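# Could you work out the structure for the sequence below:
(one chain, ligands or ions: 2)
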Amino acid sequence: MAPKIDATLARLHDLPTPEPESPLRPRKPYRFSTLCATVENPDQKDQYGSSSVPIYQSATFKGVGNPYDYSRSGNPTRSHLEHHIAKISSAAHALSVSSGMAALDVILRLLKPGDEVIAGDDLYGGTNRLLTYIRSHGGITVHHVDTTDPSSVLPFLNPSKTAMVLLESPTNPLLKVADIAAISKDVKERAPDAIVVVDNTMMSPYLQRPLEHGADIVYDSATKYLSGHHDLMAGVITCNRDDLKQRMAFTINSVGNALAPNDCFLLLRGTKTLALRMDRQQANSQQVATYLHGLGFKTHYPGLADHPGREIHERIAAGNGAVLSFETGDKEMSERIVGATRLWGISVSFGCVNSLISMPCVMSHASIDPATRAERGLPEDLIRLCAGIEDPADLIDDLERALIEAGAIVFDEQQNKYVRVPSASDELSSAVQKLGLDYQQEWFVSAPGKIILFGEHAVVHGVTAVAASVDLRCYGLTTPRNDGRLSVHFSDIDNFYYEWEIQSLPWDAVTPLAAGAQHPDTLDQVLMDAILAGPLKELGEDKKHARAAALAFLYMYLMLGEEKRPSFNFTARATLPVGAGLGSSASFSTCAASTILLVNRAITLPPPPQPSSAADAGPPHVHISHQGRRFIPPSTADTVNQWAFIAEKVLHGNPSGVDNSVSVFGGALAYTRAGFTFNDGKGGMEPILGFKSLKFLLTNSKVPRDTKKLVAGVGALKASEPELVGGILNSIQSISHEARRALADPELSRTELLSALEALIKENHEHLVTLGVSHPSLETIRATTAAEPYGLTTKLTGAGGGGCAVTLVPDDFQASSMDSLLADLTKEGFVPYLTSVGGSGLGVLSPYSAPNLIQMTVVNPGEVTPPPEAAGQSAADVATLRLAFEKQDVPVLSQWAESLGRWLYV
Ligand SMILES: Nc1ncnc2c1ncn2[C@@H]1O[C@H](COP(=O)(O)OP(=O)(O)O)[C@@H](O)[C@H]1O
Ligand SMILES: C[C@@](O)(CCOP(=O)(O)O)CC(=O)O
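Ligands and ions are numbered 1, 2, ... in the order given. So this is what the prediction gives:
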């Protein structure tokens, strides 16, 4: 049986300051704000009548038998504070400690091994962390239940085992409401020895006093509303039962975590304005919540009419508090919004006079592991707002500007107001739901290879390169698995296939990037070593190409997938020759990076433009079909490019970044690495127009070579012969410069342009020969193309040492000559490709228009065949798409991919 509390209450009634309103208190009370402002303790009259409580900054007190001897056990400033807190909390006792978590720790020490705790499932991250600790170290069982439904507590109530029921209402950050009164009643009836503990931080004693509704212990992080200025950390505990107070005071005295005198003073001062601040803060919150709700964001705030717990909350609490949260449907967008606000400070915690904004999943609740967050329905994109006392118009203006900047709202001319832009994941989630696979959508991407016309190798050392995409591409397909495994299939590298148990990957070696941070310039060698020594340890030198590709893939997967750890297969196939100098590694890197980012939702695609319906049709406007081009926004492309560059670094050691930039952005561009003396040290990309009209012949020498070694070789030559290489680099810089000028000069005739380019190609090739990166096979190709009757100019392209050569084909070159040149080259054992340049970069098969991807199993172009074995089974369907992809012959692969639906490009 719970002990009686009458004796305590009798003492309370002796207080000269009238008590607050309570069913347990019959006397006419002062109102709450009066109580807050009146700090008086009849037992502790100040000898000088000081209007403000003095700070007894003293560890010890002299004499024997005095009320205070040592500040760990008691301090007069603390007594004042605790008296005041008890008074405004309608409690018999109050205790004050160094933080809200210290308060919970003191309370949890009431438990003993074997006890059971029932707690909510939407708890503050720190609470969750402490509960997890006592579970693993204290022999205590913790059941997390949905406390919004009191009946969900019942099955876990066990009179001999349940020792504590821990509630938060409303919860942080989803503002879910628990019926504290109903649950307390159930607990008292079914497990009378169990104590009901309530974290009241979100409300403060002003708005909610759970002891009045049957709770046994209430605690607050006084860092929040009670102090109100974010200038101290404190926790307060209140209760009516003497026995509980004594046991908790014992812990505080033993541990020494009581609140220090200075902080007691500050907290006391803060509480005087509690009601005033709270009134303003919650009025502001109501306005902000109404504004966001009006825009169409899913907004969580008990003050909104459609809040599911509103009726219960109104019964228990006297207001809605100043914390609200809303969902954007897109984590990246949420990050942009949070980053774009100015008045709303990015900070954890709440209750301060200044308004704060945060993303719980990456901040206050990051200590809950991602799987548990997902299981408990905590959206990754959730933004939490804590309104302060500023002018509400300024708060809304600032938020509106951030929403506009982040692309979350746009002005709708017809409605004459801002409206929410449906987020990509709104669309995606409906597409995904259709597939019934939740996060497990398949993603199909492709990215082009490249030719470097001028500047390969030199570009690594800061010289400008001139490069363009080629119409030979790598394709990447991810298909979901549901077995906790990750697999890769590299069709072009000896049909390599490998799979891993996701949990056994070296997650411990991952140093996660801070939220919004970019990968540093250098690779994380610890992670690289851990991957090579762990998941790739069985792959020897004979598998070095596949090992390098798998290393790049796993490196990105581990860095980007820590939160979701998605289970899927990734298959790569290319129509371009691997390792031939046409940037197969960059197009592979782009495919792997983009799919890993997509699967982890680190990037999303914008929603497709809405076709205007008859009802909302405004004035007619011209609609141009871009066939998916320029659909993927530059910022998304940038993110992919950064990660593709990381993959290139894994594959190549010291890549310049030109290959992946061309692969992601497509077209033709002049690319310069930042930080070198060429081009005044300014790095960057500049599109080149006029390149597209040129015709090229690419010839694969079929001589294998290793870009990493060739790049390192030039680096070594530069170190040993700096003058020679320095001179060559300068000359190549002039070549690139001249080429760009010529291509951009409208006055230059076509013949002049082509002969200028021929001269530059010849000169650039000679420099590459001096750098030692040509090969006899490449010289043979040069000789064959230069011989009569062809007379064409050729240079190596890419890393050289074998690989491909590129030949400029003049406009008037006869088709018959081309046929015989192709035949000559083929006869010599080379593989020529007539290719067009300057086409699109990264493409993603649209998740919007895809008519259920999994049924599109075109085995031969033009013929859609739903495979018999796939009927009705999504897993089988997905496997079938993968099979179809892996089965296509290379010559029809592009056409097959095109036929699957609408491709969206950078
Ligand atoms: N389609 C692909 N599938 C898997 N890995 C690939 C693919 N294409 C390229 N790679 C990776 O890139 C390496 C080739 O890089 P590199 O020698 O620079 O050739 P390239 O000049 O074509 O870029 C391969 O050994 C492999 O590790
Ligand atoms: C030699 C180099 O300039 C281009 C490499 O191209 P590829 O790997 O041969 O496709 C290296 C680089 O730019 O990173």
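# In a strand, Asp492, correct?
No: checked against DSSP: H, G, I helix; E, B strand; the rest coil, Asp492 lies outside a strand; its state is coil.
# Report how many residues lie close to it.
By other C-beta atoms under 10 Å, 21 other residues sit near Asp492. (Each C-beta comes from the backbone N, C-alpha and C, glycine too.)
# same deal with Pro704?
Pro704 is surrounded by 12 other residues when neighbours are defined as other C-beta under 10 Å.
# Using the three-state scheme, assign it.
On the basis of three-state DSSP, Pro704 is classed as coil.
# How about the residues of the stretch 551-700 of the chain by ligand 2?
Counting by C-beta under 6 Å from any ligand atom, the positions of the stretch 551-700 of the chain adjacent to ligand 2 are Gly581, Leu582, Gly583, Ser585, His652, Pro655, Ser656, Val658, Asp659.
# is it possible to export those residues to TSV including secondary structure?
Rendered in TSV, the data for those read as follows (three-state DSSP):
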residue	secondary structure
Gly581	coil
Leu582	coil
Gly583	coil
Ser585	helix
His652	helix
Pro655	coil
Ser656	coil
Val658	helix
Asp659	helix
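# what subset of those residues is also close to ligand 1?
Restricting those to those within reach of ligand 1 (C-beta under 6 Å from any ligand atom) leaves Gly581, Leu582, Gly583, Ser585.
# Closest one of the residues you listed to ligand 1?
Of all these, the one sitting nearest ligand 1 is Ser585; the distance, using C-beta to the nearest ligand atom, is 3.3 Å.
# My read is that the closest one contacts Lys708, right?
No: in terms of C-beta atoms under 8 Å, Ser585 does not count as a neighbour of Lys708; the distance is 9.5 Å.
# More neighbours: these two, which one.
Comparing Ser585 with Lys708 by other C-beta under 10 Å, the one with more neighbours is Ser585, at 30 against 16.
# returning to what we had before: now, of the residues of the stretch 551-700 of the chain next to ligand 2, which are buried?
Gly581, Leu582, Gly583, Ser585, His652, Pro655, Ser656, Val658, Asp659 (16 or more other C-beta atoms under 10 Å).
# show me the residues around the fourth one that make contact.
Contacts of Ser585 were listed using C-beta atoms under 8 Å, 6 or more residues apart in numbering, and they are Gly579, Glu648, Leu651, His652, Asp659, Thr707.
# and those, which two are the farthest apart?
Maximum pairwise distance among the contacts of Ser585 (C-beta to C-beta): 13.8 Å, between Gly579 and Glu648.
# Point me to the residue of the stretch 301-450 of the chain nearest ligand 1.
Scanning the stretch 301-450 of the chain for the residue nearest ligand 1 gives Gly449, at 6.8 Å (criterion: C-beta to the nearest ligand atom).
# Would you double-check that that residue falls in a strand?
Yes: under three-state DSSP, Gly449 falls within a strand.
# Is it in contact with Ala468, as I believe?
No: taking C-beta under 8 Å as the definition, Gly449 is not a contact partner of Ala468, at 10.3 Å.
# more neighbours, the two?
Of the pair Gly449 and Ala468, Gly449 is the one with more neighbours under other C-beta under 10 Å, namely 31 against 23.
# who in the stretch 601-750 of the chain is up against ligand 1?
With C-beta under 6 Å from any ligand atom as the criterion, the stretch 601-750 of the chain comes near ligand 1 at residues Leu651, Asp706, Thr707.
# show me what contacts the last one?
The contact partners of Thr707, taken as C-beta under 8 Å, 6+ apart, are Gly579, Gly581, Ser585, Leu651, His652, Gly798, Ala799.
# ok, now how distant is the second one from Thr780?
Remark: distance between Gly581 and Thr780 (C-beta to C-beta, to the nearest Å) = 16 Å.
# one step back: may I ask which two of the buried ones among the residues of the stretch 551-700 of the chain next to ligand 2 are separated the most?
For those, the farthest-apart pair by C-beta to C-beta is Leu582 and Ser656; their separation is 15.6 Å.
# Secondary structure class of Leu698, three-state.
Per three-state DSSP, the secondary structure class of Leu698 is strand.
# Please name the bridge partners of it.
Leu698 forms beta bridges with Val806, Tyr833, as assigned by DSSP bridges.
# From ligand 1, how far off is it?
Shown here: Leu698 relative to ligand 1, a distance of 12 Å by C-beta to the nearest ligand atom, to the nearest Å.
# can you check Gly841 too?
In this structure, Gly841 and ligand 1 are 16 Å apart, going by C-beta to the nearest ligand atom.
# wait, what's in contact with the nearest residue to that residue once chain neighbours are set aside?
In space, not counting the residues next to it along the chain, Gly841 is nearest to Gly666; the distance is 2.9 Å by C-beta to C-beta, 6 or more residues apart in numbering. Taking C-beta under 8 Å, 6+ apart as the criterion, Gly666 is in contact with Pro448, Ser469, Gly838, Gly839, Ser840, Gly841, Leu842, Tyr905, Val906.
# hang on, isn't the fourth one packed against Asp471?
Yes: checked against C-beta under 8 Å, the pair Gly839 and Asp471 is within contact range at 5.2 Å.
# residues in contact with the residue in the chain positioned nearest to ligand 2?
Of all residues in the chain, the one sitting closest to ligand 2 is Gly798 (2.8 Å; C-beta to the nearest ligand atom). Residues near Gly798 by C-beta under 8 Å, 6+ apart: Ile451, Ile452, Glu456, Ala580, Gly581, Leu582, Gly583, Thr707, Cys804.
# Farthest pair within the residues you listed?
Ile451 and Thr707, at 14.5 Å, using C-beta to C-beta across the contacts of Gly798.
# Please, which helix or strand holds the spatially closest residue to Pro150 that is not a sequence neighbour?
Distances taken as C-beta to C-beta, 6+ apart place Ala182 nearest to Pro150, at 4.5 Å, with adjacent residues excluded. Of the helices and strands defined by DSSP states H and E, Ala182 is found in helix 180-190.
# what do you get for Met333?
With secondary structure defined by DSSP H and E, Met333 is part of helix 331-340.
# what residues are up against Thr341?
The neighbourhood of Thr341, defined by C-beta under 8 Å, 6+ apart, consists of Ile357, Asp398, Leu399, Arg401, Ala402.
# what residues does the helix or strand hosting the third one touch?
This means Leu399. Assigned by DSSP H and E, Leu399 falls within helix 392-405. In this structure, residues lying in contact with helix 392-405 by C-beta under 8 Å, 6+ apart are 283-284, 287-288, 291-292, 295, 336-338, 340-344, 355, 385, 387-388, 409-410, 418.
# Flag every buried residue along stretch 819-833.
By neighbour count with 16+ other C-beta under 10 Å, stretch 819-833 contains the buried residues Leu821, Leu822, Leu825, Phe830, Pro832, Tyr833.
# which residue packs closest to the second one, ignoring adjacent ones?
Translated: Leu822. By the measure of C-beta to C-beta, 6+ apart, the closest residue to Leu822 outside its immediate chain neighbours is Pro832, 5.1 Å from it.
# just the third one next, same as before
Excluding its sequence neighbours, the residue lying closest to Leu825 (C-beta to C-beta, 6+ apart) is Pro832, at 4.6 Å.
# just the first one next, same as before
Across the structure, with C-beta to C-beta, 6+ apart as the measure, the residue nearest Leu821 apart from its sequence neighbours is Tyr790 (5.4 Å).
# can you tell me which residues contact the one you found?
Contacts for Tyr790 (C-beta under 8 Å, 6+ apart) come out as Thr784, Ser817, Leu821.
# In CSV, list those residues along with distance to Val142 and secondary structure.
Below are the contacts of Tyr790 laid out as CSV (distance: C-beta to C-beta, whole Å; DSSP: H, G, I helix; E, B strand; the rest coil):
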residue, distance to Val142, secondary structure
Thr784, 76, helix
Ser817, 80, helix
Leu821, 76, helix
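# wait, which of those residues is closest to ligand 1?
So of the contacts of Tyr790, ranked by how close each gets to ligand 1 (C-beta to the nearest ligand atom), first place is Thr784, at 21.7 Å.
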